[in-house]
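In: Predicted structure and sequence below. I'll ask about it afterward.
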Amino acid sequence: MISSLNLKVNSYQSSCLCFYVIESKISQLYAVRVITLRVDVCNAQAAVPALYMLGDSLVDVGNNNYLPRSTAKANHPHNGIDYPNKKSTGRFSNGENAADFIAKKIGLQTSPPYLSLKQGETPPITGVSFASGGSGILNETGQNHVEYISLARQVDYFSMIHDKLVQQLGASASKTHLSKSIFTIVSGNNDLFAYFSVGSSINKASTPQQYIERMLSSYKGLLKKLYGLGARKIVVAGVAALGCCPSERKTDKTGECNVTINNWTTKYNDGLKIMLQKLKSESAGLNFAYFDIYRAMSNLFRGDKSYGFMNIKEACCGIGNLNADAPCMPTSSCCPVRKTHIFWDLVHPTEAVVRIFSDIIFNGTQEYMVPINLKQLIVI
């Protein structure tokens, strides 16, 4: 008969696993020591178990580098001039982008590009990025870039990750894991650019209102699919003030914003907020945080010098009028002080702007984050 059982538990933590060494000693009558190793998934530093990124070039961390025929790539100078070691990683930025900053906010490493994973490789349990430069909500958006990952395809890729998680953790644990993870989606910008671009054939097939309604319907379907795969905490960015990008300003003699594009962008964003509210009411347990990037960007254009932005119209890296006649290339001119520019190239913001936007996403007020911010979303 065993008289007593003493347990000693030591825990050892890595960035994504907890190792528990359970040492049991059966005393006196039987001098037996049993050592058991239990491995649980956890993250001692992170606020959430994983971060999944979907969307376009604003959050692409290198997926397009793995698309041989893609013409939407940023794996060359001057991109990355302010990134560690001045490395061009495929980010459409002088430095880090929103994917990097949001990951830091929640205590995780930046989620790696999905296409960087080798065939058969177990994906990191802390999340993956599916974002692709040039992609949009509608499947045909991005065709001018030849090769891209549409948002629908990104969701399909996540479904494969979901299946591997179930194999790794089991159905119950993977469900819990995903319900606590953050899904961030930045999409819709390229769809509206495609519709309003000069010479577009898309705008001949539908009115702007019909096009917006199609975007919202497709988006809702993809969000419902993510919900069905376990997503419960979703950050959605609206579409930016596209008419104020250098690519649009250059068409005006005084460099003013394109009012038509901005008006329709506002209508789309209004419809997006309504769609998200309806989806939440239809989906038990779903919560979202909407980032009004249009309002946040518009406030920068008002010339608040406290932010330090002295140039609100011209791209830092580019060629020609407002440095916006071509994308940022190795042969482009590049401004020496990036933090004073709102725009890095003809459509993408600088790292300095993205840092501000990421702070807003994490703990901004309802002026920019509806109905809650990322920090509040995490603790729900």
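Out: Right, received. Where do you want to start?
In: okay, CA-based contacts and neighbour counts for the rest of this
Out: Noted.
In: was I right about residue 316 contacting residue 341?
Out: Yes. With contacts counted by Cα atoms under 8 Å, residue 316 reaches residue 341, the gap being 6.4 Å.
In: Of those two, which one has the most company?
Out: residue 316 (30 against 23; other Cα atoms under 10 Å).
In: List the contacts of that one.
Out: With contacts defined as Cα atoms under 8 Å, 6 or more residues apart in numbering, residue 316 is in contact with 323, 333-335, 338, 341, 343-345.
In: now do 10 Å
Out: By Cα atoms under 10 Å, 6 or more residues apart in numbering, the residues touching residue 316 are 94, 246, 322-324, 328, 332-346, 349-350.
In: Over to residue 324?
Out: The contact partners of residue 324, by Cα under 10 Å, 6+ apart, come to 245-251, 313-318, 345-347.
In: Grab the nearest non-local neighbour of it.
Out: Spatial nearest neighbour of residue 324, excluding adjacent residues (Cα to Cα, 6 or more residues apart in numbering): residue 346 at 4.7 Å.
In: Please report the distance of that neighbour from residue 119.
Out: 36 Å (Cα to Cα, to the nearest Å).
In: Ok, residue 243 next?
Out: Residue 243 is 41 Å from residue 119, by Cα to Cα.
In: which of these two has more neighbours?
Out: residue 243 (22 against 7).
In: three-state assignment of residue 256?
Out: coil (DSSP: H, G, I helix; E, B strand; the rest coil).
In: burial of it, as a residue count?
Out: Neighbours around residue 256, by other Cα under 10 Å: 16.
In: Hmm, it is touching residue 247, no?
Out: No. Taking Cα atoms under 10 Å as the definition, residue 256 is not a contact partner of residue 247, at 11.1 Å.
In: any shared contact partners between the two?
Out: Joint contacts of residue 256 and residue 247 (Cα under 10 Å, 6+ apart) are residue 313.
In: which residue sits closest to residue 162, ignoring its sequence neighbours?
Out: residue 229 (6.9 Å).
In: Who are the contact partners of the one you found?
Out: Neighbours of residue 229 in contact, by Cα under 10 Å, 6+ apart: 155, 158-159, 162-163, 175, 178-179, 223.
In: Then residue 92?
Out: Contacts of residue 92 (Cα under 10 Å, 6+ apart): 57-62, 72-76, 78-80, 133, 327-328, 344-345, 347-351.
In: So residue 357 is in contact with residue 296, correct?
Out: Yes. With contact defined as Cα under 10 Å, residue 357 reaches residue 296; the gap is 7.3 Å.
In: Tell me how this structure divides into domains.
Out: 5-39, 46-379 (automatic domain parsing).
In: Now do the same contact list for the residue nearest to residue 324.
Out: Contacts of residue 346 by Cα under 10 Å, 6+ apart are 245-250, 313-319, 322-328.
In: that older thread, ChimeraX command to pick out the buried ones of the contacts of residue 316?
Out: The buried residues among those can be selected in ChimeraX (16 or more other Cα atoms under 10 Å) with this line:
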select :94,246,322,323,324,328,332,333,334,338,339,340,341,342,343,344,345,346,349,350
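In: where does the stretch 1-150 of the chain dip in pLDDT?
Out: The stretch 1-150 of the chain contains residues with pLDDT under 70 at 1-44.
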